[in-house]
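*Asks:* next one to model:
(2 chains)
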2 protein chains.
Amino acid sequence: MTTGLPMGADPADDRAAAAPSTEPSSTAGPLSHRRRWQLGVVQSMGPPELIDLVPGYLDPDLLPVDLLRGAYRDALAEFGSAALSYGDNQGAVEFREVMASLVSPACGPEHVLSTAGTSHALHLIATGLADPGDVVLVEQTGYDLGRGILADCGLRLREVPTDDDGLDPAALRSSVLEARSGGQRVAFVLVTPTFHNPTGRVMSLERRRELIAVAHHLGVLVVEDDAYADLGLTEPTLRPPTLLEMAGFTGVIALRTFSKTLGPGLRLGCMVAEQSLVQRLVSHGYFVSGGAPNHTTSLAITRLISDGDYHRHLEWLRTRLRTRRDALLGALRDGLGTDPVLRFTTPAGGYFLWAWSRGDHRETDLLAAAARAGVAVAEGSRFGTTSAPSARLAYSFNSPSRLADAGARLAEALTLEQNR
Amino acid sequence: MTTGLPMGADPADDRAAAAPSTEPSSTAGPLSHRRRWQLGVVQSMGPPELIDLVPGYLDPDLLPVDLLRGAYRDALAEFGSAALSYGDNQGAVEFREVMASLVSPACGPEHVLSTAGTSHALHLIATGLADPGDVVLVEQTGYDLGRGILADCGLRLREVPTDDDGLDPAALRSSVLEARSGGQRVAFVLVTPTFHNPTGRVMSLERRRELIAVAHHLGVLVVEDDAYADLGLTEPTLRPPTLLEMAGFTGVIALRTFSKTLGPGLRLGCMVAEQSLVQRLVSHGYFVSGGAPNHTTSLAITRLISDGDYHRHLEWLRTRLRTRRDALLGALRDGLGTDPVLRFTTPAGGYFLWAWSRGDHRETDLLAAAARAGVAVAEGSRFGTTSAPSARLAYSFNSPSRLADAGARLAEALTLEQNR
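*Replies:* Modelled structure (predicted):
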């Protein structure tokens, strides 16, 4: 068991950029509070000798410990014993109302089904709306851990080609027809149109329309992973409309989570869909027996949202993520010069910088250079088929100074290699 | 939407029997704190004109609101940002250690897998260790909502005959052989040996041994629902050994939950099993992606257990459940006289009194009499095949005075009917 501080912790950075005291306090508190950031408590920790750009985690310093402490206190004071009871199967109506307000003015509590996060939602969909052996269509390069859930539920994954604008609607069409002509049922297509993991991409409105049209025409359910919805960093794409809204709440299930904004340990999120689909999902014995999947916590988060604390926290968090993104990008750009071996676009939101190198390079070369630089990156092939040697660099988990350091070291290692 | 106080709320009762002030405060607080006990927040509420003995819920006055408020505060102070991070896939080791300590001295953290309660555990087992179409063997009369989960996962339920000591091992053997001779795979047998829902029964040690022997001999996995483990009310059966312990941690998955002792809204529990089975379950993409199913809350409960508060709360709770059980039983016995139309044995623990009437009676007669008495009871047939007209009466959800009232009214209605 490794003991120590999180790799990303460097309190000095955030002290420099601290929010005014009228904003909610969102630091992890004194160092003593972080003594438990160790294997056995948290899911994983990178090798201590590297700057770890692998995990899609929030920097421990950005997890709003004090805010959550107050939220549980207030929810238990307001709801009393009802906060500890079996919750309404679909989720407490107060929670569903605030979630609907986050989604769109056209969304109501009847469209919302509370979940214990996106992994839980995918597990429920994969086991409740699909049968083992069914085909699920996924983006050629996409959320690897989501794929793992679906595959482990016995579903057959088929990659659909993507381009710079995301999933290709014509390719979606032919993938569906091909599966069906082979006698296979297509359960759904999984897509992340906004602040995509791993590419950081935002799908254009035109592409969204085309995608919905094809899916509707073929009668294929769309599962829209909207985990990074609240983390737009750059105008004018702070908050693109969801496929769900554009499709008029028909044929789409959107997945929301608080794992990327408040804390994954909370295990809280929701599905948003047309009422008949919500009713079909909630009629499962799982909900009938246990009620809402994470009732007490959902009421704590309800308080945060209705009090405005969640939105104030988002403003604070976005500023810090923007600083982190720019620290990594700036150092890479400065270090790589005018004919860079590594290329990337500026992500408009989310956690990730997607970087790819020229075709004469191999992914292993990229990883080897990163290792020499003392930086851990996620290999592109982890996310499916890539069109060039590539890697995902998370700017969410480390302090700005460490990110700047990582960028400079990566650029240097790649440039040295190029000039050998 | 119905607004109002919970059916079971009668603060005067618990004021009379209040714990000394050195014990943790476990009442729901002032009435204003309970204004949210209403449909839309909680899972269900009985018709206000009846005394509701249907739900397997804890009386709202027995849900330890203040204790939980302190537990979240303390866990967030101690673990800081690690309490909000993705938790260790199997569950934080501190949580697994305290859970192991609740199970037996032979149990270690390696045997524990955290879950979001028993419904969640059954869903994970049904989808992870069984395939649709597999047979699951259940007690002839058993936990109906658990059956619902398994059936909705596509499993085929087969009832195994039970007697006064629970599941019949010889019948288990023939059920397994019959299913297999029909070419069907038996995924597991689901059994509740301790403080059984709905019958309140405790399986004898001899029967436990026989059951384990048959299951081991046939290679059938046993899923042991131990939801009421901590709620023994009467010596010497305060805490019978689990099938899991008696089987030497082989071939049994025991399910634990805090829904019956702290609050179902927490959605926290665990599975306990041999290491290889735990490893098989935790290797599913669901855990790999999201980590521990309810990490933040698990650390709050860890604090309660390690500080001794959970055990002090259990003492307090057991006293109150015993008072409630005895209030219902006493009123029924007094009212029914020496040749009672309704029969029952005193449950040694848990939430439920199982009552059955003579063979010339029908279940509908029993329900009709209850309705005339202004009391709602759960019809026995809800729980499978019963050997006599029967009903489950929960003594967990109402105050002692209401339970005494319900018992007297039920007895009167049944006696009147008998003498017509």
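
*Asks:* so who does the residue nearest the centre of chain A touch?
*Replies:* Residue closest to the average C-alpha location in chain A (C-alpha atoms, centre = their mean): residue A:227, at 4.0 Å. Residue A:227 sits next to A:118, A:192, A:197, A:255-257, A:259-260 when contact means C-beta atoms under 8 Å, 6 or more residues apart in numbering or on different chains. (Each C-beta comes from the backbone N, C-alpha and C, glycine too.)

*Asks:* in a markdown table: those residues, plus pLDDT, distance to residue B:60 and neighbour count.
*Replies:* Formatted as a markdown table, those follow (pLDDT from 0 to 100; distance: C-beta to C-beta, whole Å; neighbours: other C-beta atoms under 10 Å in any protein chain shown):
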| residue | pLDDT | distance to residue B:60 | neighbour count |
| --- | --- | --- | --- |
| A:118 | 98 | 32 | 28 |
| A:192 | 98 | 41 | 26 |
| A:197 | 97 | 42 | 26 |
| A:255 | 98 | 33 | 27 |
| A:256 | 98 | 30 | 28 |
| A:257 | 98 | 30 | 27 |
| A:259 | 98 | 31 | 25 |
| A:260 | 98 | 35 | 25 |
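
*Asks:* filter those residues down to the ones close to chain B.
*Replies:* With the criterion set as C-beta under 8 Å from any C-beta of the partner chain, the members of those near chain B are A:118, A:259.

*Asks:* okay, the residue nearest to the centre of chain A: pLDDT?
*Replies:* pLDDT recorded at residue A:227 is 98.

*Asks:* you'd agree it is in a strand?
*Replies:* No. Using DSSP: H, G, I helix; E, B strand; the rest coil, the assignment for residue A:227 is coil, not a strand.

*Asks:* the stretch 51-200 of chain A: strands as residue ranges?
*Replies:* For the stretch 51-200 of chain A, strands defined by DSSP state E, counting those that start in this stretch occupy the ranges A:51-52, A:112-115, A:135-139, A:156-160, A:162-163, A:166-167, A:186-191.

*Asks:* all helices for the stretch 1-150 of chain A, in order.
*Replies:* Per DSSP state H, counting those that start in this stretch, the stretch 1-150 of chain A carries helices over the ranges A:11-16, A:65-79, A:93-103, A:118-128, A:144-152.

*Asks:* could you dump those helices into JSON lines and include distance to residue B:321?
*Replies:* Below are those laid out as JSON lines (distance: least, C-beta to C-beta, whole Å):
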{"stretch": "helix A:11-16", "distance to residue B:321": "48"}
{"stretch": "helix A:65-79", "distance to residue B:321": "23"}
{"stretch": "helix A:93-103", "distance to residue B:321": "30"}
{"stretch": "helix A:118-128", "distance to residue B:321": "32"}
{"stretch": "helix A:144-152", "distance to residue B:321": "40"}
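
*Asks:* mind listing what's buried along stretch A:314-325?
*Replies:* A:316-318, A:320-325 (16 or more other C-beta atoms under 10 Å in any protein chain shown).

*Asks:* ditto for stretch A:218-227
*Replies:* Applying 16+ other C-beta under 10 Å to stretch A:218-227 flags A:220-227 as buried.

*Asks:* mean confidence (pLDDT) on the helix or strand residue A:327 falls within, please.
*Replies:* Assigning secondary structure by DSSP states H and E places residue A:327 in helix A:309-336. Helix A:309-336 shows an average pLDDT of 97 in the prediction.

*Asks:* give me the helices and strands touching the helix or strand containing residue A:415, please.
*Replies:* Per DSSP H and E: residue A:415 is located in helix A:400-418. Applying 3 or more C-beta pairs under 8 Å, 6 or more residues apart in numbering or on different chains; DSSP states H and E, we find helix A:400-418 packed against helix A:11-16, strand A:51-52, helix A:309-336, strand A:342-343, helix A:363-372, strand A:375-376.

*Asks:* how about the fifth one as CSV, C-alpha atoms only?
*Replies:* Okay, so that is helix A:363-372. Below are the C-alpha coordinates for helix A:363-372, written out as CSV (Å, rounded to 0.1, in the frame of the first residue of the first chain):
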residue,chain,number,x,y,z
GLU,A,363,2.3,5.0,-30.6
THR,A,364,5.1,3.2,-28.8
ASP,A,365,7.5,5.9,-29.8
LEU,A,366,5.1,8.5,-28.3
LEU,A,367,4.8,6.5,-25.0
ALA,A,368,8.6,5.9,-24.8
ALA,A,369,9.2,9.7,-25.2
ALA,A,370,6.7,10.4,-22.5
ALA,A,371,8.3,7.9,-20.2
ARG,A,372,11.7,9.5,-20.8
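
*Asks:* and it, how far from the chain's centre?
*Replies:* Offset of helix A:363-372 from its chain centre (C-alpha atoms, centre = their mean, to the nearest Å): 25 Å.

*Asks:* run through who's touching it.
*Replies:* By C-beta under 8 Å, 6+ apart, helix A:363-372 touches A:50, A:342, A:357, A:376-377, A:379-381, A:386, A:389-391, A:410, A:413-414, A:417.
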